[in-house]
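Q: Sequence isn't available, so here's the structure alone:
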DNA sequence: ATGAAAGCGCTAACAT
DNA sequence: ATGTTAGCGCTTTCAT
């Protein structure tokens, strides 16, 4: 490992003191122009780069924020990240991404690693395992140490901090109500186990809407998928045992599997089966037929999360006050619904 | 910002020296068991966490590696990252991800930020803009400073370092040869501009195969897509002006667009049109019909890249020797080809 | 105009 | 068994 050029070396080489070099490079007018020029030229020539680590130690500021997401192969998270990057870069912040891979342990490890010095704040969406365990110690601790954390999408009431979410109940109600308005009554709902916050809320929205319309909730029409490796068989089985005229899925992967299964069984979409998914990503847009979705404005969510975080970072006062921003959603009709 | 507990504070609180605390926490037997216990108990109680920044400054080691990728909404990159994470985590390394967003400037900014202290090494796939500009100064510089860099997929001969690639020419030849073996002659090829290394190589493989089989290369049948926002119109136009019995696309997004266009035009797939794509991701798997692909073993590529990097990091000797690992590919038949 | 020195949090060689 | 000290690279206050 060749070592990086340091102030010390420059100082020695040019036979001045370290502090003179430091000041000269900052263009301080404490230093004569001649010396300044000489030092700057030298630094440039040998491509001096200040050591960020040393700077962070000193300043306790890194101008970088970290995003912790459960998985990367998911357009919703990818788009949120784009939003975060967009706003953060504009404000002069760099963005680091870490994956929890839906694992509690990796979430903790990554956060602890970063929390101790490397970054100024977090944007996080909880891993499945964390939500299942309901153990939020690591996050509370980080907040207690004074590091700002903004949560998005998969959040929890148990941590008091800024949050960015959509109204999952409402968004689902809107979709289900649409099905009903089209005369659909046998509405299937494919979701996650209830310990995942958004899955639970969406299921709640589904049930509420049926009840509000005087339709009995049939638990058989709700499929909760725990283990994605069994997606295909579970959905196939779901169709084997039930009959639907509409299905809603909590993400686009589940939705496209439904679509495949339905078509394979000779069910016509959208004529015989209406389908709406959460997450307006590449799958929904490009599937054939393309899938109608609840547009979550993921990019905007990312921007808001970044804005909230940076505001906290740059405000002096103790931040006793936290807010939850609810981003609006939109029902986007494509080829799996009739408009 | 409440401050983190430091060795100094513990030392003061317990009325011992800082180094005693440091040693005690490392369970050094230089320290009496009594003192050790006392200090460890205190540290635990107040939840002491060593400051990574300080450690890095000291050790010049961070045990974390950074991955720089052009974009996140792309299964190939997502899967490579999984592979990297897998191997890195096993070896006790953390992984940080940064996006270049296909921009030269962001690639440079991110790398420079990280290079100066925050990480031990890089795994990178070049951004489009970097490949177009052919400006690799930032990477060469980092390597010169003694920081190991491993490149994957979008690489360049101009930087001498470890690389992980597939044999793009060969993989394409295999696919095109398959088309030909099925009697297909009007073979379209949808690719990127030639400045993108993998696009160029794949185009080369396409042409070579045709020539080897005595088929004239018709440049009209090659569509180079620069600007993805025009994907739909360009492909539509491509089909308007030409007739195909087979098409190969350099990624799954292009492929699914081809599929949509073909079906919309009443072309039967795979009967009238064979289709093969690079990238074996969610789109190919879930499209209807599902798309036959060149499986790039992205996960494995990630693992190899991480392994190469970590080997360099942990070997003492000056690493004068670099290798390029070529990962095997596989033609995966699904519903857009007949087997 | 320039430099010395302290300090950020930690480790480790070297006292005591 | 415990402590002192120097040093990692940098900034900044306080001399000179």
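A: Noted; the coordinates are in hand. Computed from a predicted model, the values in this text were never measured in an experiment. Numbers count the residues shown, from 1 in each chain, chains lettered A, B, ... in the order given.
Q: can you give me the strands for chain A?
A: A:64-69, A:94-99, A:121-124, A:149-152, A:162-166, A:187-191, A:222-224, A:246-249, A:274-278, A:292-295, A:324-327, A:330-332 (DSSP state E).
Q: Kindly reformat the ones you listed as JSON lines containing distance to residue B:87 and mean pLDDT.
A: For glycine as for every other residue, the C-beta is placed from the backbone atoms N, C-alpha and C. JSON lines is the format used below for these (distance: least, C-beta to C-beta, whole Å; pLDDT from 0 to 100):
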{"stretch": "strand A:64-69", "distance to residue B:87": "20", "mean pLDDT": "95"}
{"stretch": "strand A:94-99", "distance to residue B:87": "14", "mean pLDDT": "94"}
{"stretch": "strand A:121-124", "distance to residue B:87": "25", "mean pLDDT": "97"}
{"stretch": "strand A:149-152", "distance to residue B:87": "29", "mean pLDDT": "98"}
{"stretch": "strand A:162-166", "distance to residue B:87": "33", "mean pLDDT": "98"}
{"stretch": "strand A:187-191", "distance to residue B:87": "34", "mean pLDDT": "98"}
{"stretch": "strand A:222-224", "distance to residue B:87": "33", "mean pLDDT": "97"}
{"stretch": "strand A:246-249", "distance to residue B:87": "33", "mean pLDDT": "98"}
{"stretch": "strand A:274-278", "distance to residue B:87": "33", "mean pLDDT": "98"}
{"stretch": "strand A:292-295", "distance to residue B:87": "35", "mean pLDDT": "98"}
{"stretch": "strand A:324-327", "distance to residue B:87": "37", "mean pLDDT": "98"}
{"stretch": "strand A:330-332", "distance to residue B:87": "39", "mean pLDDT": "97"}
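Q: Redo those as CSV? Include distance to residue B:100 and mean neighbour count.
A: Below are the strands of chain A laid out as CSV (distance: least, C-beta to C-beta, whole Å; neighbours: other C-beta atoms under 10 Å in any protein chain shown):
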stretch, distance to residue B:100, mean neighbour count
strand A:64-69, 16, 25
strand A:94-99, 12, 24
strand A:121-124, 20, 26
strand A:149-152, 23, 26
strand A:162-166, 25, 23
strand A:187-191, 36, 24
strand A:222-224, 39, 17
strand A:246-249, 33, 28
strand A:274-278, 29, 27
strand A:292-295, 27, 24
strand A:324-327, 27, 15
strand A:330-332, 30, 15
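Q: Which among these is found nearest to residue A:43?
A: Residue A:43 sits nearest to strand A:94-99 of all the strands of chain A, at 22.6 Å, using C-beta to C-beta.
Q: Residue A:23 is in contact with residue A:11, correct?
A: No: between residue A:11 and residue A:23 there is no contact under C-beta atoms under 8 Å: 11.3 Å.
Q: need the contact list for residue A:168.
A: For residue A:168, the contacting residues are A:198, A:201-202, A:205, by C-beta atoms under 8 Å, 6 or more residues apart in numbering or on different chains.
Q: got it, and residue A:97?
A: A:66-67, A:69, A:72, A:81, B:72, B:96-99.
Q: Name the residues of chain A found near DNA strand D, please.
A: Residues of chain A lying close to DNA strand D by C-beta under 7 Å from any atom of the strand are A:3-4, A:6-8, A:18-19, A:22-23, A:25-26, A:50-51, A:54-55, A:57-59.
Q: sorry, back to before: among the contacts of residue A:168, which are in helices?
A: Under the assignment DSSP state H, the contacts of residue A:168 contribute A:198, A:201-202, A:205 to helices.
Q: among those, which ones are buried?
A: Buried by 16 or more other C-beta atoms under 10 Å in any protein chain shown: A:198, A:201-202, A:205, out of the ones in helices among the contacts of residue A:168.
Q: Closest one of those residues to DNA strand D?
A: Nearest to DNA strand D among these is residue A:198, at 43.3 Å by C-beta to the nearest atom of the strand.
Q: Hmm, residue A:151 and the closest one touching each other?
A: No: in this structure, residue A:198 is not within contact of residue A:151 by C-beta under 8 Å, at 12.0 Å.
Q: measure the residue lying closest to residue A:256 once chain neighbours are set aside to DNA strand D for me?
A: Closest residue to residue A:256 apart from its sequence neighbours, by C-beta to C-beta, 6 or more residues apart in numbering or on different chains: residue B:286 at 4.4 Å. Distance, residue B:286 to DNA strand D, by C-beta to the nearest atom of the strand, to the nearest Å: 50 Å.
Q: and the stretch 51-200 of chain A, which of its residues are near DNA strand C?
A: A:54, A:57-58.
Q: For the stretch 201-339 of chain A, which segments count as helices?
A: A:231-241, A:252-264, A:282-286, A:298-314 (DSSP state H, counting those that start in this stretch).
Q: Kindly reformat those as TSV containing mean pLDDT.
A: TSV is the format used below for these (pLDDT from 0 to 100):
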stretch	mean pLDDT
helix A:231-241	96
helix A:252-264	95
helix A:282-286	92
helix A:298-314	95
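Q: Could you dump these into TSV with mean neighbour count and distance to residue B:296 added?
A: Below are those laid out as TSV (neighbours: other C-beta atoms under 10 Å in any protein chain shown; distance: least, C-beta to C-beta, whole Å):
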stretch	mean neighbour count	distance to residue B:296
helix A:231-241	15	23
helix A:252-264	22	21
helix A:282-286	23	18
helix A:298-314	22	27
